[in-house]
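Asks: Got a sequence here, can you model it:
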Amino acid sequence: MNVRVLGRGDRRMVVRLVDADPVLNVFVASRLAAGVLERHAPGELWGYPARDVRSIVHVGSNLVPVDADAEARRAFAERMGPYRPFCAIVGLSDQVHGLLRDLTDVWGDTYGCPRALRERQPVLATSSMCDVPEDPRVRPVTESDFESYFAAAVAMYTEELEEDPLVTNAYGYRRYVRSLIDSGRAFGIVENGEVVFKADVGAIGNGVAQVQGVWVAPRLRGQGLAAPAMAAVTNRIVRAGRTASLYVNDFNAPAIATYRRCGYTERGVFSTVLY
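Replies: Numbering: from 1, shown residues only. Modelled structure (predicted):
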């Protein structure tokens, strides 16, 4: 048993691993800030080996490895055993693919093939203000905008993940979107009561804020709305003293072009496995 669940006494070691790349490790940094080591937040952090830990993995709805070499990945898979408590594996491509292979070896045919695999997702980031003029209509979304923002979030989720959250987890997804609004991390352009652009700030930690859920109403795509709107969201993050980051599917050429116009540069490559 060379894998163990980490606790508050391991904070210094975990911080050292996460601090090695704040952009790539922002999700785990956000879980640290939420109190995962103190059991104040859902999920666990596992470490390998049990002494002198050099690799960690977040185990929750997302399985997220950090510095997980081949030996560590195999140990994490064996510790997981026949169970799959997560919905996705997310992280640097080599670690995600290696972990998937090891888990598949352990599981056999128990869970079949993943529902979807995003092979290559460039991780982009910027710490500088955008040169693109900001769209002044972008603002924090309020409770009065909820229904329209929720509809936009459902459309984004369905398009991006090829799954309707109203079918798989309607109550949970509604609660999640409301939490983004309540915490001031949901932004949008609202025209005549309709959200036509949206973006959320998801993971925040270690001086980095990760943008997610970017969406433009289909009828307005290709009309130059996205870059000024993203500039407004990005500059809000940078003004707060943080680095703005995100990851995007490599086949989404229009989105990548928008982010590059806003000054984002590549910091690594993620992969995502969806179940």
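
Asks: For the helix or strand encompassing residue 149, name the packing helices and strands.
Replies: Assigned by DSSP states H and E, residue 149 belongs to helix 146-161. Helices and strands touching helix 146-161, as assessed by 3 or more Cβ pairs under 8 Å, 6 or more residues apart in numbering; DSSP states H and E, comprise helix 165-168, helix 170-182, strand 186-191, strand 194-205, strand 208-216. C-beta here means a position set from N, CA and C on the backbone, and glycine is covered the same way.

Asks: Just want the angle from that helix to strand 208-216.
Replies: 90 degrees (axes from the mean of the first three to the mean of the last three Cα atoms, to 10 degrees).

Asks: related to what we said a few turns ago, would you single out the least confident of the helices and strands packed on helix 146-161?
Replies: Among the helices and strands packed on helix 146-161, helix 165-168 has the lowest mean pLDDT, at a mean of 93.

Asks: how far out from the middle of the chain is it?
Replies: Average the C-alpha atoms of helix 165-168, do the same for its chain, and the two points are 19 Å apart (Cα atoms, centre = their mean, to the nearest Å).

Asks: That one: which residues count as buried?
Replies: For helix 165-168, the neighbour count (16 or more other Cβ atoms under 10 Å) marks residue 165 as buried.

Asks: residues making contact with that helix?
Replies: 154, 157, 158, 173 (Cβ atoms under 8 Å, 6 or more residues apart in numbering).

Asks: Could you pick out the buried ones from those residues?
Replies: For the contacts of helix 165-168, buried by 16+ other Cβ under 10 Å: 154, 157, 173.

Asks: these two touch, right, the second one and residue 163?
Replies: By that I understand residue 157. Yes. Contact criterion Cβ atoms under 8 Å: residue 157 and residue 163 qualify, at 7.3 Å.

Asks: ok, which stretches of the stretch 1-150 of the chain are helices?
Replies: 11-19, 26-34, 70-80, 93-107, 146-161 (DSSP state H, counting those that start in this stretch).

Asks: Can you mark which positions in the fourth one are buried?
Replies: To tie it back to what came earlier, the one meant is helix 93-107. 93, 95, 96, 97, 98, 99, 100, 102, 103, 104, 106, 107.

Asks: Report the helix or strand with the lowest average pLDDT across this protein.
Replies: The weakest-scoring helix or strand in the chain, judged by mean pLDDT, DSSP states H and E, is helix 165-168 (a mean of 93).

Asks: how's this protein carved up into domains?
Replies: 4-113, 126-267 (automatic domain parsing).

Asks: And the average pLDDT for stretch 70-89 is what?
Replies: On average, stretch 70-89 scores 95.

Asks: about what we covered before: figure out which of the helices of the stretch 1-150 of the chain is closest to residue 177.
Replies: Residue 177 lies closest to helix 146-161 among these, at 4.9 Å (Cβ to Cβ).

Asks: Tell me how far the closest one lies from the chain's centre.
Replies: That offset, for helix 146-161, works out to 16 Å (Cα atoms, centre = their mean).

Asks: Specify the beta-bridge partners of residue 62.
Replies: residue 88 (DSSP bridges).

Asks: how close does it sit to residue 128?
Replies: Relative to residue 128, residue 62 is positioned 29 Å away (Cβ to Cβ, to the nearest Å).

Asks: swap in residue 236?
Replies: 14 Å.
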